[in-house]
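> What shape does this take:
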Amino acid sequence: MLDLNQIDKSWTLFLDRDGVINHEKEMDYVLNYDEFIFYEGAKEALRIFDETFSTIIIVTNQRGIGKERMTEEDLTDIHTKMIGEIVSEEGRIDKIYYSTSLDNDDPLRKPQSGMALLAKKDFPQINFSTSIMVGNNVSDMLFGRNTGMHTVFLKTTSPDLELPHAAIDLSFNSLIDFAKALQKS
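Residues are numbered from 1 along each chain as shown. So this is what the prediction gives:
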């Protein structure tokens, strides 16, 4: 179980993107930055996380590229502008990892742990036992579990998911609610 009081600056935060930081498009993909809409409070949450975590990583499945609905350049543009807005609000993202594969068994596609292993290679200080995965899907939670992380589920897109759930340590309504709970701990 995750005790928020244990978290200090040595911990790592892994975040999903769509449905966590920004609104997920129903039955579609965020194809360009005009379609990228931050959740209310998300940039404030990322500022709080900057003060709380040593490393902040985004891990995101981006099947829209694999389906040729968008290009990697489109994704890079979205991420560059997203990070610009986050930094302008005194937040931080250390690196973004993404999987474009259509194959659910691809080692880089969540819930497989490939993106976490890439992050560990780039940031050797990451310890998965002192890492948290925040996401809005069970696949995000399984990604965290498969890598030995703690998990935080956001009810943004699946508010009716039955809890408690074996793959979920804590749940919150939104990213800012999780950030405010961290501040209180």
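> Can you give me the neighbour number for the nearest residue to E35 once chain neighbours are set aside?
Nearest in space to E35, with sequence neighbours left out and distances taken as Cβ to Cβ, 6 or more residues apart in numbering, is K25 at 6.5 Å. The C-beta positions use only the backbone N, C-alpha and C, and glycine is treated the same way. Neighbourhood size, K25 [other Cβ atoms under 10 Å]: 15.
> One more: R63?
16.
> which residue sits closest to it, ignoring its sequence neighbours?
Nearest residue to R63, sequence neighbours excluded (Cβ to Cβ, 6+ apart): L102, at 6.1 Å.
> measure D177 to K110 for me?
22 Å (Cβ to Cβ, to the nearest Å).
> I misspoke; the intended subject was I96.
14 Å.
> Next, please give the residue ranges for the helices of the protein.
42-52, 63-66, 72-88, 114-122, 138-147, 175-184 (DSSP state H).
> Test for you: state the pLDDT assigned to M1.
pLDDT recorded at M1 is 81.
> Now do the same contact list for the residue nearest to R63.
R63, G66, K67 (Cβ atoms under 8 Å, 6 or more residues apart in numbering).
> For K184, the count of nearby residues, please.
If you count neighbours by other Cβ under 10 Å, K184 ends up with 7.
> residues in contact with it?
Counting by Cβ under 8 Å, 6+ apart, K184 touches L4.
> Try it again at 7 Å.
Taking Cβ atoms under 7 Å, 6 or more residues apart in numbering, we find K184 in contact with no residue.
> Quick check: the gap between the residue of the chain positioned farthest from its centre and D74.
Going by Cα atoms, centre = their mean, the residue of the chain most distant from its centre is E68, 23.1 Å out. Distance, E68 to D74, by Cβ to Cβ: 11 Å.
> same thing with K43?
22 Å.
> coming back round to it: per-residue pLDDT of the residue farthest from the centre of the chain, please?
Looking at E68, its pLDDT reads 96.
> Could you tell me which residues make contact with it?
Counting by Cβ under 7 Å, 6+ apart, E68 touches no other residue.
> do the same with R69
Y29, L31.
> now with 10 Å?
Residues in contact with R69 (Cβ atoms under 10 Å, 6 or more residues apart in numbering) are D28, Y29, L31, Q62, R63.
> what does T76 give?
I96, Y98.
> I'm done for today, thanks for sticking with me.
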